[in-house]
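Visitor: Mind looking at a prediction? Sequence and model below.
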Amino acid sequence: MNFIGMRRLALTLFLLAAQVFHGQTATAQNMPSEQSVRAAMVFNFLKFTEFPPESIANTEQIRLCMAVGDSRQEEALAALSGRKVWGRELAVVHLAGRGDDCHVLYVDLRQRWNAAEERRTFLRTLTISAYPGFARDGGMIEIALREDGARFDINLAEGRRAGFRFSPQLLRLARHVYE
């Protein structure tokens, strides 16, 4: 199998895992919503990203803060609460205050990202969004859902700056890796 074939197979397996994660089978009648796919991708990103040890050293939870306006996206992300990541329970909460207790931040719009960036409190926070250009705007992982499937970009320079290590498998699946 050539490189493109292997990449498509890996992406298909990633998306099937997302569907299974939400208790669905891959049939046309019950394909997961875009919001569910994004939430499943967020969960998988967490499993394939090593957090800076000092950011999670004294905590039993990984806090995923969300700044979203879409109630369906909010529900899909909230459904991740209680799942285990790196041996810790995932707690999904709304972004409030300074946000300095967030291990992960999911934003849905450039305006929300810009407002969060102005606070500069996300120094050791994994940042994820689905708005176009997020990775170029200084975010770490940008999700892109297209007709031909789900893709994502990784801003490796920002991830490294914050102390995150992305698994080689995740980096190979990325559409673009910005260094």
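Guide: Thanks, I have the structure now. Numbering: from 1, shown residues only.

Visitor: need the strands for this protein, in chain order.
Guide: Along the chain, the stretches classed as strands by DSSP state E are 49-50, 61-67, 84-85, 88-94, 104-107, 126-129, 141-146, 149-155, 165-166, 176-178.

Visitor: now those in CSV, with distance to Glu117, mean neighbour count and mean pLDDT?
Guide: Every C-beta, even on glycine, is put in place using the N, C-alpha and C of the backbone. As requested, those are exported to CSV (distance: least, Cβ to Cβ, whole Å; neighbours: other Cβ atoms under 10 Å; pLDDT from 0 to 100):
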stretch, distance to Glu117, mean neighbour count, mean pLDDT
strand 49-50, 20, 16, 96
strand 61-67, 11, 22, 93
strand 84-85, 25, 15, 93
strand 88-94, 18, 17, 94
strand 104-107, 10, 26, 94
strand 126-129, 9, 26, 95
strand 141-146, 15, 19, 92
strand 149-155, 13, 20, 92
strand 165-166, 21, 17, 96
strand 176-178, 17, 15, 94
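
Visitor: Turn the ones you listed into TSV, including distance to Ser36.
Guide: As requested, the strands of the chain are exported to TSV (distance: least, Cβ to Cβ, whole Å):
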stretch	distance to Ser36
strand 49-50	20
strand 61-67	15
strand 84-85	18
strand 88-94	14
strand 104-107	14
strand 126-129	15
strand 141-146	11
strand 149-155	11
strand 165-166	23
strand 176-178	24
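
Visitor: Please name whichever of those is nearest to Ala78.
Guide: Relative to Ala78, the nearest member of the strands of the chain by Cβ to Cβ is strand 88-94, separated by 5.1 Å.

Visitor: now the closest one against strand 61-67, angle please.
Guide: Inter-element angle recorded for strand 88-94 and strand 61-67: 20 degrees (by axes from the mean of the first three to the mean of the last three Cα atoms, to 10 degrees).

Visitor: Check what contacts strand 88-94 and list those residues.
Guide: Strand 88-94 has contacts (Cβ atoms under 8 Å, 6 or more residues apart in numbering) with 43, 46, 56, 59-67, 77-78, 80-84.

Visitor: Pull up the pairing partners for it, direction included.
Guide: According to DSSP bridges, strand 88-94 has the following sheet partners: strand 61-67 (parallel), strand 84-85 (antiparallel).

Visitor: hmm, back to that, show me the one of the strands of the chain that comes nearest Asn114.
Guide: Evaluated over the strands of the chain, closeness to Asn114 peaks at strand 104-107, with 9.3 Å, by Cβ to Cβ.
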